[in-house]
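S.K.: fold the following and give me the result.
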Amino acid sequence: MNKPRHHMALLSATFTLMLLAAHADAAGQGSAQRQRLEQHVYTLAADSLQGRRAGSADAERAAAYVVRQWRDMGLQPLWGDDYRSSFTVHGEGHYTNLVAIIEGCDPILKGEYIVVGGHYDHLGVRDGKVYNGADDNASGTACVTEVARQLLARQKELKRSVIICAFDAEEIGLYGSDALARNLVQRGLIDRVQLMMSVDMVGWLRQGGGLTLEGTGTLQDYKSLVDPESMGLPINIKTKRYENSIFTATDTEPFAKRGVPTLAVTTGLKSPYHKPEDDANLIDYEGLSLVTDYVAALTLRAAGRQEPLPSGQVAPKHRTKTTPLSLGVSAGYNNSWLRFPNAAFNGKSLMGGDAGLALQYNMTSLLSLHTDIHYSYTRASYPDMRNLESNTLRMQQHSLTVPLMLQLKIGEPSFALYLGFGGYYSHSFSNGFYYTEEPSYPVPSPVDAASQPCRTHQWGFAWNCGIRLGYNWQFDITSLYQMGSLFTGVDMPLTRGTQSTVSLTYYFF
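M.R.: Numbers count the residues shown, from 1 in each chain. All right, here's what the predicted structure looks like:
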């Protein structure tokens, strides 16, 4: 009777020891990874590398360190027998991407790719101060290197192949990632890229409150793909459907603009990035190790999924073509004044408001036809005919105004300058006159200028200039010059209204 009990106790103890050993092994691997990450960041962000300025000898020394790490772990170069892929910027300089591949095991899907990359260059030395760029982006380079190590250890789980990249020349214009994207286009491979991830500034997990993934809207069924709980990882993931800032960009952009689904992976902007204080001692290495585990697990899941990943959607800021028709709402303020071309006096401008709809028909990449349909409240101050220096009379007008302009556009859909010329029509449905102060002389009622009826139908010349800020926002300055006389009576000199409007428009599409 005691033997079975003894046997069960022995099995239980053995099982417990195995669990403890597995836990200790995992903890040991995690500790070793953390140590390697710390080594990578301290090496790449050392003062001796002088900030890794793109194309410099210091950047080459940083690249040489990464090459040694990749070669020691057994990564295979993507092309030929060298990780280095050189390129120039506008035909000048010498810059170097590092590119490797971990082949998938599925006989069909291994011809598709997941790209995981981060830039290794930084700002160099400015005004005698070294910009070490520990978070930006020694942290991302270290993370990508250790992700590659994890993927090599689990290569049999990969269906798709994974391209590992360390980009040069990101800080001077995303040139490294653009060079790789162009290379893939030339080789006819860009359409086989199912996902591109840019790992950029991932060293402040604790301070940033989590890891942000921007671009999940470009992926099908992204919630199950990025869910950390199903990976068994205690990390807070924040998702954004699209990258939307027009003031920041990362290495996803050259791929996104070629229709590739992208994820910008970052712990945010809490670190002193682009400052001399961005040093290795400030990095959250426990958090960086957790980020590495997550990016590796996410890559394994994306590379192991049988279904295609692209959703067919693209971030508005990454669109390279405008839609034929754009509809939006606008609001702004105006300044209006009256001109008297045949007289020796003028009125003074007063502020009013505008709001309405904006419609734009994009005929070509350079030309568009633009119109607004908006309500205008305008005011102007001008003298009455008994005291030409007073400007004590005020006119206010409510109208529906429709400018129509042919616009010339210079730039891209997400950032462009506009210049337009045309005309406008305005229907005045209400106007009024009043004195701002009681005249010091007898005034008949109604008084001269105030007694003159305004024209209901007004028209004239229009021009505008504007700037497109992102795909949805546009800032405009529009000026209207009335051609006919404002008043219909004969007792007033020729009077023309002038209006300048500053407006902000939000385009829905």
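
S.K.: sheet-wise, list the partners of the helix or strand hosting residue 405 with their directions.
M.R.: Using DSSP states H and E, residue 405 maps to strand 393-412. Under the criterion DSSP bridges, strand 393-412 sits next to strand 367-382 (antiparallel), strand 415-435 (antiparallel) in its sheet.

S.K.: please work out which of these is packed deepest.
M.R.: strand 367-382 (a mean of 20; mean count of other CB atoms under 10 Å). Heads up, the C-betas are built off the backbone N, CA and C, glycines and all.

S.K.: any idea which helix or strand carries the residue lying closest to residue 503 once chain neighbours are set aside?
M.R.: Counting by CB to CB, 6 or more residues apart in numbering, residue 503 lies nearest to residue 332, which is 2.9 Å off, once chain neighbours are set aside. Assigned by DSSP H and E, residue 332 falls within strand 325-339.

S.K.: continuing past that strand, what's the next helix or strand?
M.R.: strand 348-362.

S.K.: list the helices and strands that following strand packs on?
M.R.: When contacts are defined as 3 or more CB pairs under 8 Å, 6 or more residues apart in numbering; DSSP states H and E, strand 348-362 packs onto strand 325-339, strand 367-382, strand 393-412, strand 496-507.

S.K.: got the CA positions of the second one in CSV?
M.R.: This points to strand 367-382. Extracted in CSV, the C-alpha atoms of strand 367-382 (Å, rounded to 0.1, in the frame of the first residue of the first chain):
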residue,chain,number,x,y,z
LEU,A,367,-4.7,71.2,-60.7
SER,A,368,-7.9,71.2,-58.8
LEU,A,369,-11.2,73.1,-58.9
HIS,A,370,-12.2,74.4,-55.5
THR,A,371,-15.4,75.9,-54.2
ASP,A,372,-16.9,76.8,-50.9
ILE,A,373,-20.5,77.3,-49.8
HIS,A,374,-20.5,79.1,-46.6
TYR,A,375,-22.3,81.6,-44.4
SER,A,376,-20.4,84.9,-43.9
TYR,A,377,-21.0,87.5,-41.3
THR,A,378,-19.1,90.6,-42.3
ARG,A,379,-18.7,94.1,-40.7
ALA,A,380,-17.2,97.3,-41.9
SER,A,381,-16.7,100.8,-40.6
TYR,A,382,-16.9,103.9,-42.9
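
S.K.: quick one on the thing from earlier: any chance of the helices and strands packed on strand 348-362 in JSON lines, plus distance to residue 298?
M.R.: Formatted as JSON lines, the helices and strands packed on strand 348-362 follow (distance: least, CB to CB, whole Å):
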{"stretch": "strand 325-339", "distance to residue 298": "35"}
{"stretch": "strand 367-382", "distance to residue 298": "41"}
{"stretch": "strand 393-412", "distance to residue 298": "30"}
{"stretch": "strand 496-507", "distance to residue 298": "33"}
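
S.K.: out of those, flag the one nearest residue 146.
M.R.: Closest to residue 146 of the helices and strands packed on strand 348-362, according to CB to CB: strand 393-412, at 36.0 Å.

S.K.: just how off-centre is the strand holding residue 405 within its chain?
M.R.: 29 Å (CA atoms, centre = their mean, to the nearest Å).

S.K.: likewise for stretch 225-238?
M.R.: With CA atoms, centre = their mean, you get 25 Å for stretch 225-238.

S.K.: which regions of the stretch 351-500 of the chain sit below the pLDDT cut-off?
M.R.: 384-392, 435, 437-452, 489-492 (pLDDT under 70).

S.K.: CSV for the strands paired with strand 393-412, including distance to residue 506?
M.R.: Shown next, in CSV, are the strands paired with strand 393-412 (distance: least, CB to CB, whole Å):
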stretch, distance to residue 506
strand 367-382, 13
strand 415-435, 16
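
S.K.: identify whichever of these lies nearest to residue 204.
M.R.: The nearest among those, by CB to CB, is strand 415-435 at 28.7 Å.

S.K.: immediately after that closest one, which helix or strand?
M.R.: Downstream of strand 415-435, the first helix or strand assigned by DSSP H and E is strand 457-469.

S.K.: ok, and what's touching that following strand?
M.R.: Contacts to strand 457-469, defined as CB atoms under 8 Å, 6 or more residues apart in numbering, come from residues 246, 370, 399, 403-405, 407, 409, 411, 413-428, 474-484, 486, 496-497.
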